[in-house]
Every structure is written in C-alpha cells, then in structure tokens.
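Chemist: Model the following, please.
(2 chains)
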Amino acid sequence: MKEEFLALVDEHQNIIHKVSRMYRNTIEDQEDLFQDIVLQLWKAYPNFRAESKISAWLYRIALNTAMAVFRQNKPSLEFNEELPELTSDNSLEAKSENEERLYTALHKLSLAERAIMALYLEDYSYAEIADIVGISENYVGVRINRVKSRLKKILT
Amino acid sequence: MGIDELKNTWKSAGESHRTSSELKLMTELKHNGRLKRIRRRLLIESMLVLAFLTLFYTGLDGADKPLWTIVTLILSGVVYIINRLSGYHTTQNIKPDTTVYQMSQDLIKQLERLSVSSGMSALFFGAAIILFMTIEIEFNTQKYTMLAGLIVSLFAFSFLSYNIWRKQISRLQQIIHQLSGDS
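Modeler: From the prediction side, this is the model:
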C-alpha cells in the first residue's frame, strides 16, 4: 500500500509544494508544512476512496493541515512587500518572476480566501470547491468574485 | 495579469524534486522535524517538573511534611505532564479528511477543552507547590507577603497555560468567520 501511496504523492507533489508556499513565509516553515502534509496524507490514505479525484483529496488534506497546524508568525524573510514587475516572455526566469508575483499577491489574502482562490485557479468547479471548503456553492461564487476583485487590485 | 494568466501561472507552479525515499521518510512520525522539536520540548519540560519535585522534596524537608501533601504534589506534577502530552496528541491527530469549515469547528472544540484543562492543571500544580511549601509553617508578615507573591505568580502561570491555545483558537475562529462571511 505504501508504494502505491508514494507513487500518488510523487506524481502530485507540486500541489503540496504550492500549498506550503502559499501558507508559510520562510523556507524552513514551508519544509515543515510539506512534511506535515505528507504525514497527514499517509494517515488519511486508508480512508481514501479510489473513485474520488486524487488531486481534490490531496488539496483537502493539504489545506486542512495548513490551517490546523499552528505556527507562530515570524517576520517574512522570503517575500517582498513590493510585487515584482510582470513580464510576458516565456523564459524560466520570467516564469519564476510571475510565480513570485502570484504568491506575493496570495499572501495578502486571508487564509480562507487563499484556499478558495487556489482551488479556483486549479479550475475546480464551484461544487467541488464547496465540497472541499464546506460552504454553499452559491456562496463560493460570491467569494470568488470578491477575491478576484481584490487580487486584481493587488496586482495592478 | 488576467485571470487566465494567473491560472496558467498557478498550474505550472510548484516543484516536484522530492525523491520517493524522501517522501517515504516523511510518512514516519519520528522523522517529522516539527514534531521532533515538540517532543524534545516536552521531554525537557517533563525533566524540569521531575527535577522541581525532587528539589522540593529534598530541599524543603519533604520527609517531615504530611504524606497527603507529598502525594498531592506528585499527582499534580503528573497531571500537568499528562496535560502537556495530551496537547501534543491533539495537535498531531487532526482530522483533515473533512471540509475546511468542519475541521476548523472540530479543532476549536478540542482546543477549547485543552485550553481549560491546561489552565486547571497549571493551577492545580501551582496550588500543590504552595500548599507543600506553606504547610506547618508559622506565618509572620514577611511570609504572608511571600505567600501573596506566590499566589499572584500561580495565577499568572495558570493564565499563561490557558492562553497557550488561545492564539490558535482565535486563528481558527477567524477562518470560520472568513468562510461564513462574518468579517
């Protein structure tokens, strides 16, 4: 069972990485959260139903772990308050700058808004987001519109 | 940056550089860095409580004190340690296989119970120490002043123990408010 689990996590580890980076400021804290998420995934794996979407299950556990595991706020050493300039070329450097810009913007949102936005950016339906977050589908729509406006303001 | 561009950036973000053997280690409790630090802190705290109890017994003529005060003191120290272990157990046994809203609500309930029991166990431990120190002592003004100081410290210690969990509770309450639109 462990081999099967490790293969699944290996394939989707970028999700764990994204959630860790979205919820923690320093590299050390991100590493701790990454480890915590993998541990919680392993504990929850026996109850995972094969018919469920693996990435949705992974997001659910990862987001809940990020919210539940308390970490005293430390001054951010990794994130600039200033958003880097957006660049439109496709080089690796440009990709990294755009990522930095996105994470900096996400860090300005509340914890719950980050969860909703991450799922929205991953193209989950309102019903799927509602199922992971635990609010009604209609309210997901309302929250997404509000967060999109906030993000737009942050990014301009 | 338009929404489509944000989506593309998000989807292509994230690294995948952990090897299977690194991931395998992460599934084991004993290799978890954060839990390892908590366990080390708990061990140090337990050793300190034990050293404290021994010091009180030998340094304050424990053998001459009534047996029930010694039993109360040891019992209160044990209850304090058990409570700290229970805190560790609660924080590492979250139930993440539910909605964010439900998980936050469930964890708040658990942490509120823990917050009260932490305050109570610290109060019990502190009260047992004061009782042990003051029993069969003839009081004068100076000793009454010292006793008042000890009682104030006891309440401060109990409040701090109660408050350890309050920050986490308040953070989870904020998440619930954010999700339900109360803020």
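Chemist: What is the lowest-mean-pLDDT helix or strand in chain A packed up against?
Modeler: The helix or strand of chain A with the lowest confidence, counting by mean pLDDT, DSSP states H and E, is helix A:92-106 at a mean of 81. On a contact count with 3 or more Cβ pairs under 8 Å, 6 or more residues apart in numbering or on different chains; DSSP states H and E, helix A:92-106 meets helix A:2-23, helix A:111-121, helix A:137-155, helix B:3-12. C-beta: built from backbone N, CA, C; applies to glycine.
Chemist: now the helices for chain B?
Modeler: B:3-12, B:20-26, B:33-59, B:67-92, B:100-134, B:141-163, B:166-180 (DSSP state H).
Chemist: A:Gly141 is in contact with A:Tyr126, isn't it?
Modeler: Yes: look at A:Gly141 against A:Tyr126 with Cβ atoms under 8 Å: they come within range, at 5.6 Å.
Chemist: The two - which one has more neighbours?
Modeler: Higher neighbour count among A:Gly141 and A:Tyr126: A:Tyr126, with 17 against 13, using other Cβ atoms under 10 Å in any protein chain shown.
Chemist: what about A:Phe34, distance to chain B?
Modeler: 8 Å (Cβ to the nearest Cβ, to the nearest Å).
Chemist: If you could redo that for A:Leu151, that was the one I meant.
Modeler: Look at A:Leu151 and chain B: by Cβ to the nearest Cβ, they are 7 Å apart.
Chemist: what residue is smack in the middle of chain A?
Modeler: A:Val19 (3.1 Å; Cα atoms, centre = their mean).
Chemist: Can you tell me how far the residue lying closest to that one once chain neighbours are set aside is from B:Trp165?
Modeler: Leaving out its chain neighbours, the residue that sits closest to A:Val19 by Cβ to Cβ, 6 or more residues apart in numbering or on different chains is A:Ala62, at 4.2 Å. Here A:Ala62 is placed at a distance of 23 Å from B:Trp165 (Cβ to Cβ, to the nearest Å).
Chemist: So for these two, which residue has more residues nearby?
Modeler: A:Ala62 (29 against 24).
Chemist: Quick check on the more buried one: phi, psi?
Modeler: Note on A:Ala62: its backbone torsions stand at phi -60, psi -50 [degrees, to the nearest 10].
Chemist: residues touching it, list them.
Modeler: Residues in contact with A:Ala62 (Cβ atoms under 8 Å, 6 or more residues apart in numbering or on different chains) are A:Ile15, A:Ile16, A:Val19, A:Ser20, A:Ile37, A:Leu41.
Chemist: Most widely separated two among those residues?
Modeler: Using Cβ to Cβ, the two most remote members of these are A:Ser20 and A:Leu41, lying 12.7 Å apart.
Chemist: Looking at the two, which one has more neighbours?
Modeler: Neighbours were counted for A:Ser20 and for A:Leu41 using other Cβ under 10 Å; A:Leu41 has more, 26 against 23.
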